[in-house]
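1. just to be clear, the model below is a prediction. Sequence and coordinates:
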Amino acid sequence: MNMFQIIALVLIVMINGSLGGRKSKCEVVRALRAEGAKDSDMRDWLCLVAHESSYRYDVTHKNDGGSTDYGIFQMDDKYTCGNADGTSTSICWRIRTFGCEDACSTFIDSDIRNDANCAVRVRNCDGFRRWYGWVNNCSSDELEKPDYDFEDC
Ligand SMILES: [Ca+2]
């Protein structure tokens, strides 16, 4: 291997390391719109994703109660992924069907379509309060920030 090849290899590893596992803001916007999310909710969504996963789709987080959160929307295995039992509430029983019950491994892959599908249905069922990342960080003042501008998407 000559010096040029070594440098090229190092660059490839660095690029993969910095970009791997992360989605752009507009990729998230497009995935959410495709699942019916309204633009009037989009700043909330972007704040939620920024605080739940920092736009990384391959992250997991172990909760104090023993459940685990998966992926860009941090869907947990207590109420959603891998859980096909149906919920206890009459309004939201469909949450665990038609996709939200997908294997948790599909919530940390690079295809965020099923993640967005499930997240939009959870939001339509329970609102954004289901996500502590949103509850604790996404005040109306916070949502004004240019970080959450999405007009170019
Ligand atoms: Ca996925």
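-> That came through, no problem. Keep in mind that this is a model prediction, so the values were computed, not measured.
2. alpha carbons only for contacts and neighbour counts from here, please
-> OK.
3. ranges for the helices of this structure?
-> Under the criterion DSSP state H, helices of the chain are mapped to 3-19, 25-34, 42-52, 113-126, 132-137, 140-143.
4. quick one: low-confidence ranges for the protein?
-> Along the chain, the parts satisfying pLDDT under 70 run over 1-20, 83-99.
5. the ion contacts on that one?
-> 106-107, 109, 111-112 (Cα under 5 Å from the ion).
6. which one of those residues has the most neighbours?
-> Phe107 (30 neighbours; other Cα atoms under 10 Å).
7. residue contacts, that residue?
-> Contacts for Phe107 (Cα atoms under 8 Å, 6 or more residues apart in numbering) come out as 57-58, 70-72, 75, 81, 114-115.
8. swap the cut-off to 6 Å and go again
-> 70-71, 115 (Cα atoms under 6 Å, 6 or more residues apart in numbering).
9. compute the number of surrounding residues for the closest residue to Gly82 other than its chain neighbours.
-> Spatial nearest neighbour of Gly82, chain neighbours left out: Ala103 (4.5 Å); criterion: Cα to Cα, 6 or more residues apart in numbering. A count of nearby residues for Ala103, using other Cα under 10 Å, gives 15.
10. cool, and the one 5 residues further on?
-> Using other Cα under 10 Å, Ile108 has 23 other residues around it.
11. one step back: any chance of the helices of the chain in JSON lines, with mean neighbour count too?
-> Formatted as JSON lines, those follow (neighbours: other Cα atoms under 10 Å):
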{"stretch": "helix 3-19", "mean neighbour count": "11"}
{"stretch": "helix 25-34", "mean neighbour count": "17"}
{"stretch": "helix 42-52", "mean neighbour count": "22"}
{"stretch": "helix 113-126", "mean neighbour count": "20"}
{"stretch": "helix 132-137", "mean neighbour count": "15"}
{"stretch": "helix 140-143", "mean neighbour count": "12"}
